[in-house]
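Chemist: Fold the following, please.
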Amino acid sequence: MARCSFLKTINDQPSTMLPDHPFRDYRGRRVTVLGLGSFGGGVGAVRFLVDRGAQVTISDARPAEQLAESLAELEGLPVERHLGGNDPADVTGAELVVVNPAIKRDHPLLKAAAAAGVPLTSEMNLFWQHNRGRVAAVTGSNGKSTTTALLHNILRQGPGKSWLGGNIGRSLLPDVDQISPDDWVVLELSSFQLTDLDRLQVSPEVSVVTNFSPNHLDWHPSLDHYRWAKQSLLRWQTAKSTAVLNADDPDVADWPSPGRRAWFGLTDAGRSGAFATVGGCIVRDNAGEVTWPLGDWLTLPGRHNLANALGAIAAARACGATREMVEAGIRTYQPLPHRLQFVGEVRGVKFYNDSLATTPESAEVALEAFDRPIVLLAGGYDKHVDLSGMARAIARKAKAVVLLGQTGPLIGELVRQTERNRCLVSPSQPDFPTAFAWAVAAAESGDVVVLSPGCASYDWFRNFADRGRRFEELVRGQLSVVSGEEGKSGVSGGIRAPTAGDN
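Modeler: The predicted structure follows:
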């Protein structure tokens, strides 16, 4: 079956990408970074290339004001900037084009570069070609950011150095010369990045697949292509490599790898890897079988985070981590920004920022993480994925839902059509402040207000981080208002900001 085979050749595989660049000396080379972006990959590529003497041009269709944060990091560098539009000469006149992974492979500029014989690469491909460290890489449709960060935090407890990068938000390309062969490089890799990395036949020492569900079908030409991209993390592994797979996911559990395989899951599958037990986990590997009190170590809420921790533990063991490293890494882990992040409490209502939930499945697990009444902010950019399961979860778990962005009306209609629906559905909101105000008005003491959109952010925001920051600003505005009221009345209590112990 296609879902558990490697699909090494598929009809709708992008055909415009050429073999990676034929040179490693960048001095004097004309290089265009196509799509600077907002998550650090473009900035990292620019810094890397400038440091090596390349003549760098940034070409981005967005205007400077939308790229302000990225441009600020490049202040003072000798870089030519072509912003607010794309000139075909930027790519056809270059000796190398570094392509933002979010750009679709049928983009006219990439076709123009291919016709001109200009090599195309990406920030991650450049890093992989220059990296000397050992790689533990994580992909999946949901949970990959938390699993990646947990794995990194475990490995950094050991004697060697551990580096964190990839799709999680920081480019390691400018630091690549500092990475030694004994270091561990922990990477979160998206399907976009893996589409290009497949050309390099990359073979991580340890690969982790958290799960698989339809996503990014506005970018990938088919579900089979999306699966093919994810399987690139395993396809070129060697007999010395390890693939860590989610035993609870029937699609992922049987994905093949030329290397060893280990599993993780909430139900003990009797295989090698890490599995949940009552209050803890059982770990099986070459060292034997042990039971650890994971429930005492892990403070992240929700069964999905338990699964993330199990995936990180199985991968860490494959990397040689000891029990002491695992315990210290889990205990000291701090939740990622925008991932079920506690922001504050106002008049007994707790506010959580889960803006990183950009898939329906991630919003569903956020709903399962709370035992309080939930007022949910949901919706956003339309990636052409099925939202019916998310709507059913909202109808079952949420007290009220506030509709955001392009997909808001569809989510609202699906919730209303759900049998035995008791969820209050807001009107479609014109903007985010209005949506937030509706959520505040719908919440009562003892409730939680959760931004877990289940969709991408690009219709209203630059990215999920921009969306999360805006939510936090609005919560802080509520904190300020209530603080002012309390100061005037002389009444204290009923409000608090988050502390390190909050999840």
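Chemist: give me the element the nearest residue to S426 once chain neighbours are set aside is part of.
Modeler: Among residues not flanking S426 along the chain, V402 sits closest, at 4.6 Å (C-beta to C-beta, 6 or more residues apart in numbering). C-betas here are computed from N, CA, C, even on glycine. Using DSSP states H and E, V402 falls within strand 398-403.
Chemist: other SSEs contacting the helix or strand that comes right after that strand?
Modeler: Using DSSP H and E, the helix or strand that follows strand 398-403 in sequence is helix 408-417. Secondary-structure packing of helix 408-417 (3 or more C-beta pairs under 8 Å, 6 or more residues apart in numbering; DSSP states H and E): helix 388-397, strand 398-403, strand 424-428.
Chemist: Tell me what angle helix 408-417 forms with strand 398-403.
Modeler: With axes from the mean of the first three to the mean of the last three C-alpha atoms, to 10 degrees applied, the angle from helix 408-417 to strand 398-403 works out at 150 degrees.
Chemist: Could you check the angle helix 408-417 makes with helix 388-397?
Modeler: Put simply, helix 408-417 runs at 60 degrees to helix 388-397, going by the same axes, to 10 degrees.
Chemist: Now do the buried residues in helix 408-417.
Modeler: If you call a residue buried by 16 or more other C-beta atoms under 10 Å, then helix 408-417 has these buried ones: G408, L410, I411, G412, L414, V415.
Chemist: what's the answer for stretch 366-382, then?
Modeler: Buried residues in stretch 366-382, counted by 16+ other C-beta under 10 Å: 366-367, 369-370, 373-382.
Chemist: again with stretch 162-178
Modeler: 162-176.
Chemist: what's in contact with that stretch?
Modeler: 39-41, 43-45, 47-48, 51, 123-124, 126-127, 130-131, 133, 137, 144-145, 148-149, 152, 155-156, 179, 183-190, 193, 465 (C-beta atoms under 8 Å, 6 or more residues apart in numbering).
Chemist: one more time with 7 Å, if that's ok
Modeler: Here stretch 162-178 makes contact (C-beta atoms under 7 Å, 6 or more residues apart in numbering) with 39-41, 43-45, 47-48, 123-124, 126-127, 130-131, 133, 145, 148-149, 152, 155-156, 179, 183-190, 193.
Chemist: Tell me who's in contact with the most centrally placed residue in the chain.
Modeler: By C-alpha atoms, centre = their mean, the chain has its centre lying nearest to S145, at 4.7 Å. Residues counted as contacts of S145 (C-beta under 7 Å, 6+ apart) are I168, E188, L336, R339, L356.
Chemist: Among the buried residues of stretch 162-178, which lie within strands?
Modeler: S162, W163, L164, G165, G166 (DSSP state E).
Chemist: Same question for the closest residue to the last one other than its chain neighbours, what's its three-state structure.
Modeler: Same thing as G166. Nearest residue to G166, sequence neighbours excluded (C-beta to C-beta, 6+ apart): L187, at 3.6 Å. Under DSSP: H, G, I helix; E, B strand; the rest coil, the three-state class of L187 is strand.
Chemist: surely L187 meets V135?
Modeler: Yes: between L187 and V135 there is a contact at 6.3 Å, judged by C-beta atoms under 7 Å.
Chemist: Compute the distance between Y333 and E80, please.
Modeler: According to C-beta to C-beta, to the nearest Å, Y333 and E80 sit 42 Å apart.
Chemist: now Q55
Modeler: 8 Å.
Chemist: again with D182
Modeler: Distance from D182 to E80, by C-beta to C-beta: 39 Å.
Chemist: next one: P373
Modeler: P373 is 54 Å from E80, where distance means C-beta to C-beta.
Chemist: In contact with T359: list those residues for me.
Modeler: Shown in contact with T359 (C-beta under 7 Å, 6+ apart): S141, N142, S213, N215, G454.
Chemist: who touches the fourth one in this structure?
Modeler: By C-beta under 7 Å, 6+ apart, N215 lies in contact with S141, Y226, T359, K383, V385.
Chemist: Reformat those residues as TSV; add distance to R470 and secondary structure.
Modeler: Formatted as TSV, the contacts of N215 follow (distance: C-beta to C-beta, whole Å; DSSP: H, G, I helix; E, B strand; the rest coil):
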residue	distance to R470	secondary structure
S141	25	coil
Y226	29	helix
T359	20	coil
K383	20	coil
V385	24	coil
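Chemist: Make JSON lines from those and add pLDDT and distance to S257 to it.
Modeler: Shown next, in JSON lines, are those (pLDDT from 0 to 100; distance: C-beta to C-beta, whole Å):
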{"residue": "S141", "pLDDT": "91", "distance to S257": "18"}
{"residue": "Y226", "pLDDT": "94", "distance to S257": "19"}
{"residue": "T359", "pLDDT": "87", "distance to S257": "24"}
{"residue": "K383", "pLDDT": "86", "distance to S257": "28"}
{"residue": "V385", "pLDDT": "87", "distance to S257": "27"}
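Chemist: From those residues, pick the one nearest R27.
Modeler: Using C-beta to C-beta, Y226 comes nearest to R27 of these, at 38.7 Å.
Chemist: residues touching the closest one, list them.
Modeler: Contacts for Y226 (C-beta under 7 Å, 6+ apart) come out as S191, N215, H216, L217, H220.
Chemist: can we see that at 6 Å?
Modeler: Y226 makes contacts with S191, H220, as judged by C-beta atoms under 6 Å, 6 or more residues apart in numbering.
Chemist: likewise R284?
Modeler: Residues in contact with R284 (C-beta under 6 Å, 6+ apart) are S272.
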